[in-house]
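Enquirer: Whatever this is, show me its structure:
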Amino acid sequence: QVQLVESGGGLVQAGESLRLSCAASGRTFMSYEVGWFRQAPGKEREFVAAISWGGRTTYYADSVKGRFTVSRDNAKNTVSLQMDSLKPEDSAVYYCAAGKSLSGRADAYEYWGQGTQVTVSS
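Expert: Below you'll find the predicted structure:
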């Protein structure tokens, strides 16, 4: 079992930065791939970024490429999402998820956090 808790969300202005954290419990967390997803009101959940269990492979949605950076520290059981040059369209609830497949599909992930709200004002 893996439990995930996101933190770091908040209200910022366009162009500013936020760093989200995903803290995991469970000794096997380091063996899981981790994805970040987001969901805005009235929209479907969408893929943002993913990182392999060892941290060597990452990939991003086109909409955030070059602005967001995902990283992980397995010694601390944490995964971070650094979000720079934020735009109003980045506003959403952000979720981290853990699974055995590195994927942009939400159904590939078994464990999910409760989400953290990010709001970007123009």
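
Enquirer: Could I get the full set of helices for the protein?
Expert: In the chain, no helices are defined using DSSP state H.

Enquirer: Run through who's touching stretch 92-108.
Expert: With contact meaning C-beta atoms under 8 Å, 6 or more residues apart in numbering, stretch 92-108 is reached by 2, 4, 6, 9, 20, 22, 24, 29, 32-40, 43, 45, 47-48, 50-52, 57, 59, 61, 79, 81, 109-118. C-betas here are computed from N, CA, C, even on glycine.

Enquirer: Report how many residues lie close to the closest residue to Ala40 other than its chain neighbours.
Expert: Closest residue to Ala40 apart from its sequence neighbours, by C-beta to C-beta, 6 or more residues apart in numbering: Ala92 at 4.2 Å. Using other C-beta atoms under 10 Å, Ala92 has 22 neighbouring residues.

Enquirer: what does Lys100 give?
Expert: Residue neighbour count, defined by other C-beta under 10 Å, stands at 12 for Lys100.

Enquirer: At the geometric centre of the chain, which residue do we find?
Expert: For the chain, Trp36 is the residue whose C-alpha lies nearest the centre (C-alpha atoms, centre = their mean; 2.7 Å).

Enquirer: shouldn't that one be in contact with Val48?
Expert: Yes - between Trp36 and Val48 a contact is recorded at 4.3 Å, counting by C-beta atoms under 8 Å.
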